[in-house]
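[1] Provide a 3D model corresponding to the input given below.
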Amino acid sequence: MTSGQQIHSASHEELHSDDGEGHQQQHAPTIARAALKPLPNTSITRESLHASMNLDATTDFTWENLNYDVEVTGDDGKPAMKTLLHNESGTARGGRVLAVMGPSGAGKTTLMSGVIGRLQTDAKHKLSGCVFLNDTVFTERYKKLVSFVAQDDIVLGKETPAEAFYFSSRVRLGLTHEEATARTEDTLTRLHLQKCRDTYLGIPGLVKGVSGGEKKRTNIGNELITNPYVILLDEPTTGLDSVNALRVGQLLHDLAHDDKRTVLCTIHSPSSELFAVFDDLLLLAKGHVIYHGPTLDSPAYFASVGYPVPPRTNPSEYYMNLLQLPADELEQLWEAWENYLTTREADKNLSVAPMTSTVRTSDAGLDKRVDEKGSDFSTQLTLLTARSLRQFIRDPGATVGRTFQTLFFAILVGLFFFGVDNTREGVQDRAGCLFMIMMNNFFMAAMTGVAAFPPERAVFLMEQSSENYSAWTYSVAKTLAELPFQIIYPTMFTWIMYSMVDFVNTPEAFFKMLLMI
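    Here you go, the predicted structure:
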């Protein structure tokens, strides 16, 4: 076994421990854990790797005149266009955290998806506007410089944080085993995931795993592995308690201030402690911008337009209440912000800084990062196949179920054809038996393939959107991982049937039939 394959080794043993918060955690096999311990003889140190993952300069992420219209059915039953984003402009500044706040339906996720090109666009869904990385137009070419963390934690339940980071390092960046292992260790340390590094990520109600906060940090780490310039997160604190939510918020703050990254996240209703973590604030209501500027300057702005924050009140709660005012009052807030943008210099005492992009990174720097190549086909195929095999091995219940199903149907059909004679009818019965064997093996293989995809569908789509690998590579890897089982179970079924039905009782005849089916 090579060192690059050690990470994919697995056994049937599972260890359990407590995570310190009263939760039982299920651990991956010991062999897989040992493969990701720090390398003793390597020139790669954690300090050098950490330094290499810090950016030399900040990058502003700007969108201008963003509109998104979708076709809906009007009150009169006729098609009508509904605007979800109204001529929005803004900037997420490098080295700072921008929080996009608003009630449900305000357009937060639509804005997030629109700036990175994830919105559906066709005759019934029209998106317009421009997006920039500094002064460079943001196109498909630069997508690898921007990472997106979805609201839902999309993970493989029986994968560990260490394995997830290692896979991302090898597949997305094309790193060697040593480099990927070192980067995995660094990411685990930075995200405070060392204690749960070998614990399954878990499936609610099915597989015990890490806590919600640890799972969220693992998802963030999967994107951080690629060393992006910009990180976008869709409601990263949803479903977390106040302590874990604050930990995630502090992590985002550190990524921006320490690593010079641009961090943009949507948030629904943060606590006062979490709200204080955000450097800049963008308030949305029904697709309109109500405010966009430094968080500390927001009370002064709202006081200037007649909505002062009451004393001893959490500003975020007050803003959320404002964003749910009746439509006529919201319209006044929209107009107030538009008027402020056009007459910013009128009030010299108001210190809301203009959120405009400043060029800090050259086009050559962006192009250099874009031109970096990921992994090749053979590496992707090897890692995907190993991951699929690991998932099969860690699901003994499915293996036992398939074994029992194979034995049951083989014996049942064998009893039906048991004791056929050598008459003309017996020959016809044997032909029917052969047909049953072929159909069973065909449908068992087909159903296994169909059943294997749904649990991984969300992970596959997420990795596809990040262009980790092609659909063809994924399909071949799943086929290779399933191949041993597609040999074992048909052989088992055929052998039982062959023994119970009076076929030619020689090894040569049996293997000839096995090859034919």
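[2] pLDDT weak spots in the stretch 51-200 of the chain?
    51-57 (pLDDT under 70).
[3] How about the stretch 251-400 of the chain?
    Ranges of the stretch 251-400 of the chain meeting pLDDT under 70: 344-365, 367-369, 371-373.
[4] Helices of that one, start to end?
    All helices of the stretch 251-400 of the chain, identified by DSSP state H, counting those that start in this stretch, fall at 272-275, 298-304, 315-322, 327-342, 363-370, 377-393, 396-416.
[5] out of those, nearest to residue 75?
    Within the helices of the stretch 251-400 of the chain, the stretch nearest residue 75 is helix 327-342; the backing value is 16.4 Å (Cβ to Cβ). C-beta: built from backbone N, CA, C; applies to glycine.
[6] Make a markdown table out of the helices of the stretch 251-400 of the chain and add mean neighbour count and distance to residue 129.
    Listed next are these as a markdown table, based on neighbours: other Cβ atoms under 10 Å; distance: least, Cβ to Cβ, whole Å:
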| stretch | mean neighbour count | distance to residue 129 |
| --- | --- | --- |
| helix 272-275 | 17 | 28 |
| helix 298-304 | 18 | 24 |
| helix 315-322 | 18 | 25 |
| helix 327-342 | 14 | 16 |
| helix 363-370 | 13 | 20 |
| helix 377-393 | 19 | 34 |
| helix 396-416 | 14 | 47 |
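[7] okay, these in CSV with distance to residue 185 next?
    Shown next, in CSV, are the helices of the stretch 251-400 of the chain (distance: least, Cβ to Cβ, whole Å):
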stretch, distance to residue 185
helix 272-275, 29
helix 298-304, 40
helix 315-322, 36
helix 327-342, 46
helix 363-370, 23
helix 377-393, 18
helix 396-416, 30
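[8] for those helices, which one sits closest to residue 137?
    Proximity to residue 137 (Cβ to Cβ) singles out helix 363-370 among the helices of the stretch 251-400 of the chain, at 10.3 Å.
[9] Surely residue 294 touches residue 278?
    No. Using Cβ atoms under 8 Å as the test, residue 294 is too far from residue 278 to be in contact (9.5 Å).
[10] what about the two, which has more around it?
    Legend: neighbour count by other Cβ atoms under 10 Å for residue 294 and residue 278, higher for residue 278 (26 against 18).
[11] Skip the chain neighbours and tell me the closest residue to residue 65.
    Ranked by Cβ to Cβ, 6 or more residues apart in numbering and with sequence neighbours excluded, the top spatial neighbour of residue 65 is residue 129, at 4.7 Å.
[12] Next secondary structure element downstream of the strand or helix carrying residue 112?
    In this structure, residue 112 sits in helix 108-115 according to DSSP states H and E. With elements assigned by DSSP H and E, the helix or strand that comes after helix 108-115 is strand 125-133.
[13] How far off centre is the helix or strand following that following strand?
    Toward the C-terminus, strand 125-133 is succeeded by strand 136-137 as the next helix or strand (DSSP H and E). From the chain centre to the centre of strand 136-137 is a distance of 26 Å (Cα atoms, centre = their mean, to the nearest Å).
[14] now stretch 456-474
    For stretch 456-474, the distance to the chain centre is 10 Å (Cα atoms, centre = their mean).
[15] Next, the distance between the ends of that stretch.
    Start-to-end span of stretch 456-474 (Cα to Cα, to the nearest Å) is 11 Å.
[16] and that stretch, what's its mean pLDDT?
    Averaging pLDDT along stretch 456-474 gives 87.
[17] buried residues in that stretch?
    By neighbour count with 16 or more other Cβ atoms under 10 Å, stretch 456-474 contains the buried residues 456, 459-460, 462-463, 466, 468-469, 473-474.
[18] show me the contacts for residue 140.
    Contact partners of residue 140, counting by Cβ atoms under 8 Å, 6 or more residues apart in numbering, are residue 117.
[19] hmm, back to that, can you check which of the helices of the stretch 251-400 of the chain gets nearest to residue 253?
    helix 272-275 (10.1 Å).
[20] outside of that closest one, which residues touch it?
    Applying Cβ under 8 Å, 6+ apart, the contact partners of helix 272-275 are 99, 237, 242, 245-246, 249, 267, 295, 314-316.
[21] can we see that at 7 Å?
    237, 245-246, 249, 314-316 (Cβ atoms under 7 Å, 6 or more residues apart in numbering).
[22] which one of those has the most neighbours?
    Most crowded among these, counting by other Cβ under 10 Å, is residue 237 at 27 neighbours.
[23] so that one makes contact with residue 245?
    Yes. Residue 237 is within contact range of residue 245, at 3.8 Å (criterion: Cβ atoms under 7 Å).
[24] one step back: which residues does the residue nearest to residue 65 contact?
    Counting by Cβ under 7 Å, 6+ apart, residue 129 has contacts 63-67.
[25] now these: which count as buried?
    63, 66-67.
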